[in-house]
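A.B. asks: Quick one: sequence plus predicted model below, questions after.
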Amino acid sequence: MAKDTTASVNRRNDIISAAIDVFAEIGYYRATTAQVAERAQISQPYIFRFFKTKEALLLSALEVSWARVIDSFRQVVETAASDQLERELIDAYEKILESHQSEILLQMQAQTIQEDVIRQAMQKGFSEVRTMVLNAFSHAGIAEAKQRTLIFLAIGMLCNVSIALDMPELKER
């Protein structure tokens, strides 16, 4: 029975990964669950065994993408020296941009979706990141922690735009 549970969790994760890629490539509204199923190499009805709607699948994909950022930042916050905190957070985010670009593109697209549940998921993710960075900056004794947090987040958004537009010069330091 444990084997079935593990296989089920793995298949669910495969579907979410496929959805992240498909939604990031062609957009949530244009994407179909048939395209996600094809990418995950499963039948379309099998998706609905795990997700009642395409929106529920998007929410799970967003949760995965925000969890990656939050977990990565949490590791930095727990281990970085105060004077290296901001630099290490930037490095952590750049690694995510390199290795999980589709997740970031998905988040960027989700920012334009007006459905309340999607907006709430995006607000929750952004709020968690903002709070974590602000608390870390404050605890590290970084002067003007609120302002530095806003600048940090703004630079992160500029990095996202840089990736989306294939304009690396936007994020050059």
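C.D. replies: Great, that's in hand. Residues are numbered from 1 along each chain as shown.
A.B. asks: Give me the residue at the spatial middle of this protein.
C.D. replies: In the chain, the residue lying closest to the centroid (Cα atoms, centre = their mean) is Ser65, at 2.6 Å.
A.B. asks: Now that residue: closest residue in space, sequence neighbours ignored.
C.D. replies: Glu103 (3.6 Å; Cβ to Cβ, 6 or more residues apart in numbering). In short, each C-beta sits where N, CA and C put it, glycine included.
A.B. asks: quick revisit: Gln101 is in contact with the residue nearest to the centre of the chain, correct?
C.D. replies: No. The criterion here is Cβ atoms under 8 Å, and Ser65 misses it with Gln101 at 10.7 Å.
A.B. asks: Just say helix, strand or coil for Tyr28.
C.D. replies: Judged by DSSP: H, G, I helix; E, B strand; the rest coil, the three-state class of Tyr28 is coil.
A.B. asks: I'd say it and Thr112 touch.
C.D. replies: No. Distance between Tyr28 and Thr112: 9.2 Å, which falls outside the contact criterion (Cβ under 8 Å).
A.B. asks: on that earlier part again, if I pick the residue nearest to the centre of the chain, what's in contact with it?
C.D. replies: Each residue near Ser65 by Cβ atoms under 8 Å, 6 or more residues apart in numbering is listed here: 20, 100, 103-104, 106-107, 125.
A.B. asks: for it, phi and psi?
C.D. replies: In terms of degrees, to the nearest 10, the main-chain angles of Ser65 are phi -70, psi -40.
A.B. asks: and the gap between it and Val117?
C.D. replies: Shown here: Ser65 relative to Val117, a distance of 16 Å by Cβ to Cβ, to the nearest Å.
A.B. asks: With Ala81 instead?
C.D. replies: According to Cβ to Cβ, Ala81 stands 40 Å off from Val117.
A.B. asks: Give me the more crowded residue out of those two.
C.D. replies: Val117 (12 against 9; other Cβ atoms under 10 Å).
A.B. asks: Ser99: neighbour count?
C.D. replies: Counted by other Cβ under 10 Å, the residues lying close to Ser99 total 9.
A.B. asks: try Lys54
C.D. replies: Applying other Cβ under 10 Å, we find 18 other residues in the vicinity of Lys54.
A.B. asks: With only the CA atoms kept, save the helix or strand harbouring Gln109 in PDB.
C.D. replies: In this assignment (DSSP states H and E), Gln109 forms part of helix 101-110. Coordinates of each C-alpha in helix 101-110 appear next as PDB, following Å, rounded to 0.1, in the frame of the first residue of the first chain:
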ATOM      1  CA  GLN A 101      12.700  29.300 -14.800                       C
ATOM      2  CA  SER A 102       9.300  28.000 -15.700                       C
ATOM      3  CA  GLU A 103       8.200  28.400 -12.100                       C
ATOM      4  CA  ILE A 104       9.100  32.100 -12.200                       C
ATOM      5  CA  LEU A 105       7.500  32.600 -15.500                       C
ATOM      6  CA  LEU A 106       4.400  30.900 -14.100                       C
ATOM      7  CA  GLN A 107       4.300  33.300 -11.200                       C
ATOM      8  CA  MET A 108       4.700  36.300 -13.500                       C
ATOM      9  CA  GLN A 109       1.700  35.200 -15.600                       C
ATOM     10  CA  ALA A 110      -0.300  34.500 -12.500                       C
END
